[in-house]
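# How does the following fold in three dimensions:
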Amino acid sequence: MRKIVIIFFIILLCPQFSTAEYITQEDMQQAGLLRLSDIFLLIDDWDYSTLDGITYQASPLGLNSYQHQDWKIFLNNIPIDIDIFGAKALDRIPVDLSQISYVKIITQPRIYVGQKTTGGVIDIITKTIDSGFKTNFRTGFGNETGDPGPYYFTDKSSPNIDKLGNIVAGGISNFQDSLYIGISYKREIGYPTDQAMFYRNSDIAGDYYPRLKLEAVYLEQDRFFSDFYILNSFGVSDFEDFYYLRQYGREIPVKSRLLYFSSTGSIKRNFYQSIRYRFSYSANEPDYGNNSLNLDLNWKQETVRANIEADIGKGRKTGKIGIGLNHIAVSSDYLLSQRYNTEATVYSKLDFRFSKHLESFVDLILNFQKDKSGFFARYKTFFWFSKNKRLSFDVTYDKTLPEESNSIWYWQQQGYSFLENNGVSYNITGNLKSSNKFTAELTFGHFIPPNRHELEITAYFRSFSNIYCEGQYIISDQDYSAPNNLIVKTDCSGQIVGVALEEKINLSNRMRIKFFARYQQSLNNETLFEEAWSSIPKFRLSTTIYYTPVDGYSLSSRLRYNGVTKWVDYDNTDDITDDTHNVMEVDPFVSIDITAQKYFQNRKIRTSFSIRNLLNSKISYHPIGAQFDLSYFAQIEFLLN
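As a prediction, this is how the structure comes out:
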């Protein structure tokens, strides 16, 4: 009976209907993921760009360009704010990969656990309902071939030592008498093995050797009662890294700290309805890191998010209604005209089951800031032709206030003068205004139960108006980059169309195959809009195979193709003639990753060995980013239950 109550509360804390993608702990282990940021390797319908494989910018199925990072991160259905001016390093989240049950990926705009999410969602779930005491410890490392490696530049240089870094992590938990307590720790160290990145970062770091270093601690407490559930969590992470600020044109050494606290709970009204609350506090501070240019972001952001909601309706008409509060406060030595934003929200999510063949969802959220207001509306309907054929239509409209974006340009207009104080000249044409986004999707689905075959074909359309677009020429030859003549236009408009195909096949209990392909095209739009979207490939595909020949042993392989991308912001100094502007391109690539995993001692020891980029292709996601060569990764985990 106790386990039934626990399962009931976990269901209540999840959205009532989901077309999300789930990446389970089994998927992550079989794919040989080493750190949290590796999760992008398994997300099919998100395009992404990274300089170092740690910090990412993403575009979930055309919902935003790399200039507008609207996607949000949640931890156990609670927002966690780790953004630094649009760049997100998932490893800063204090949870270790081994403590994760699954990761939920959402690519459609919606109201998600009381928050407006118009650019996609990554939700990391750590909850467990397995009773008893558990402890685990894992360690892993990687080696990249083809680059000189970090020791090449020191007196410890020797042939074929290209250590990418290592990770040490572990956790202890106990679940007994409806009380769960868990604590985990992780420590990561990494080095830039790409020669161009090493020289560029060494130039600014002076005597300091470029590296990544992360330490984090996470504590979670869950308590289940007969009609009440509560989860409290606390985490802190210290991250030493070279943060790439796109508008500045190069990396900036930072020592950042993330402090996080959250609480959520549910009170059962009856067997079908409950009242829930959610609260989170994040303190995000990219502090000064020693550098020869004395660059200091001088920035600290504290975010409080809270909401309370209740289930309504019964039978074929159900839903949720709620109210929320979002507050962002900034500390900086720059004289800001406004140091905080406070937003109140009112929202509803309604579900209408008209028949066994037809079901519709309606979402509406209103947000208020002083004398301004924005809103988001969504309508989605499902029509089942038969038990295994379905057609869905999803349409959304969003009016976003400039304060919601929390972009560097918003804070520059409030007096944050980091760019001009460090030699970056720019011109903002007009004031930032409320932007509008319209999306529409039509999806056909075919399913063969029980989970033997799933096929979905989606045609989508995105329309943007009154968004800001950046335009600049960054002179770059990989070893050096500098911004020049940065322009920010505040009333850009444009449209994106695309089609995506996803197929999942379970040949048996021992083999799973997943295939994804996408083609995307921007329409005849204005120049800056076109230039921003040219850095996202038009065509991309991936195939993933998981195979378990015998219990305790598994193999996986993943093939990826990424189309060519054009980065109009960058001049290639090697090709400049007569001051002519030359667009830098990042070549398309084909990558194959393979992983073997084996359990020993009655599943008390787990080992894995991965080879990434088996073909040793030239893999790069950014004009001045690292080139990811043939690499191998090994890890071992001890599990005591």
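# low-confidence ranges in the chain?
Applying pLDDT under 70 to the chain flags residues 1-19, 128-129, 144-165, 206-209, 473-484, 571-582.
# If we use 50, what do you get?
1-18, 151, 153-163, 477-479, 573-580 (pLDDT under 50).
# Who are the packing partners of the biggest strand by length in the chain?
Longest among the strand segments of the chain by residue count, using DSSP state E, is strand 481-508. Applying 3 or more CB pairs under 8 Å, 6 or more residues apart in numbering; DSSP states H and E, one finds that strand 481-508 contacts strand 426-429, strand 453-476, strand 511-522, helix 527-533. C-beta here means a position set from N, CA and C on the backbone, and glycine is covered the same way.
# Within its sheet, name the partner strands of it and how each one runs.
strand 426-429 (parallel), strand 453-476 (antiparallel), strand 511-522 (antiparallel) (DSSP bridges).
# What residues of the last one count as buried?
Counting neighbours by 16 or more other CB atoms under 10 Å, one finds that the buried residues in strand 511-522 are 512, 514-518, 520, 522.
# same check, this time on the first one
By neighbour count, with 16+ other CB under 10 Å as the criterion, the buried positions of strand 426-429 are Y426.
# just checking, next helix/strand downstream of that strand?
Counting by DSSP states H and E, the element after strand 426-429 in chain order, helix or strand, is strand 435-448.
# so how far is that following strand off the chain centroid?
Averaging C-alpha positions (CA atoms, centre = their mean, to the nearest Å) puts strand 435-448 21 Å from its chain's average.
# Parallel or antiparallel, which strands does it pair with?
Counting by DSSP bridges, strand 435-448 is paired with strand 389-400 (antiparallel), strand 453-476 (antiparallel).
# between those strands, which one is nearest to K116?
strand 389-400 (7.4 Å; CB to CB).
# Next secondary structure element downstream of that closest one?
Once strand 389-400 ends, the next helix or strand along the chain (criterion: DSSP H and E) is helix 402-405.
# got the contact list for whichever helix or strand comes after that following helix?
Downstream of helix 402-405, the next assigned helix or strand under DSSP H and E is helix 408-413. Contacts with helix 408-413, where a contact means CB atoms under 8 Å, 6 or more residues apart in numbering, come from 85-86, 245, 247, 330, 336, 402-403, 416, 419, 426, 428, 431-432, 468, 488.
# Return the members of those residues classed as buried.
For the contacts of helix 408-413, a neighbour count by 16+ other CB under 10 Å gives the buried set as 85-86, 245, 247, 330, 336, 402-403, 416, 419, 426, 432, 468, 488.
# before we move on, which element is the residue nearest to the spatial centre of the chain in?
The chain has I122 as the residue nearest its centroid, 5.4 Å off, counting by CA atoms, centre = their mean. Per DSSP H and E: I122 is located in strand 121-125.
# who does that strand pair up with?
strand 72-75 (parallel), strand 102-106 (antiparallel).
# Okay, buried residues for the shortest one please.
Put plainly, it is strand 72-75. By neighbour count on 16+ other CB under 10 Å, the buried set for strand 72-75 is 72-75.
# So which of the residues you listed is the closest to N613?
Distances from N613 to the buried residues of strand 72-75, taken by CB to CB, are shortest for I73, at 26.9 Å.
# ok, the closest one - contacts?
Residues in contact with I73 (CB under 8 Å, 6+ apart) are 79-82, 88, 90, 93, 121-124.
# Please report how far it lies from I80.
I73 is 5 Å from I80, where distance means CB to CB, to the nearest Å.
# Now do the strand holding I122: everything it contacts.
20, 36, 39, 71-77, 90, 93, 95, 100-106, 112.
# go on, stretch 366-376?
By CB under 8 Å, 6+ apart, the list of residues contacting stretch 366-376 reads 109, 111, 116, 118, 326, 341-347, 363-365, 396-401, 403-404, 434.
# Can I get it in CSV, CA atoms only?
Provided in CSV are the C-alpha atoms of stretch 366-376 (Å, rounded to 0.1, in the frame of the first residue of the first chain):
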residue,chain,number,x,y,z
LEU,A,366,-0.9,35.5,-18.4
ASN,A,367,2.2,37.2,-17.0
PHE,A,368,2.3,40.7,-15.5
GLN,A,369,5.2,43.1,-14.8
LYS,A,370,4.3,46.5,-13.4
ASP,A,371,2.4,48.2,-16.3
LYS,A,372,3.3,45.5,-18.9
SER,A,373,1.7,42.1,-19.6
GLY,A,374,2.5,39.2,-21.9
PHE,A,375,0.7,35.9,-22.5
PHE,A,376,1.0,32.4,-24.0
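# List the buried residues for that stretch?
Buried residues in stretch 366-376, counting neighbours by 16+ other CB under 10 Å, are found at 366-367, 369, 374-376.
# Relative to K538, which of these is nearest.
Taking CB to CB as the measure, K538 sits nearest to F376 out of the buried residues of stretch 366-376, at 28.4 Å.
# count of residues packed around the residue lying closest to D363 once chain neighbours are set aside?
Residue nearest to D363 in three dimensions, not counting chain neighbours: R378, with 3.9 Å by CB to CB, 6 or more residues apart in numbering. By other CB atoms under 10 Å, 22 other residues sit near R378.
# from what I can see R378 touches V362, true?
Yes - between R378 and V362 there is a contact under CB atoms under 8 Å: 7.1 Å.
# List the buried residues in stretch 357-368.
Judged by neighbour count (16+ other CB under 10 Å), stretch 357-368 contains these buried residues: 359, 361, 363, 365-367.
# can you pull out the helices in the protein?
Along the chain, the segments classed as helices by DSSP state H run 2-13, 25-30, 195-205, 402-405, 408-413, 418-421, 527-533.
# Quick check: which of those is nearest to P286?
helix 418-421 (11.0 Å).
# quick one: contacts of the closest one?
Residues contacting helix 418-421 (CB under 8 Å, 6+ apart): 247-248, 297-299, 334, 408, 412, 426, 486.
# what do you get for stretch 178-187?
2, 6, 94-96, 98-99, 126, 128, 167-174, 214-225.
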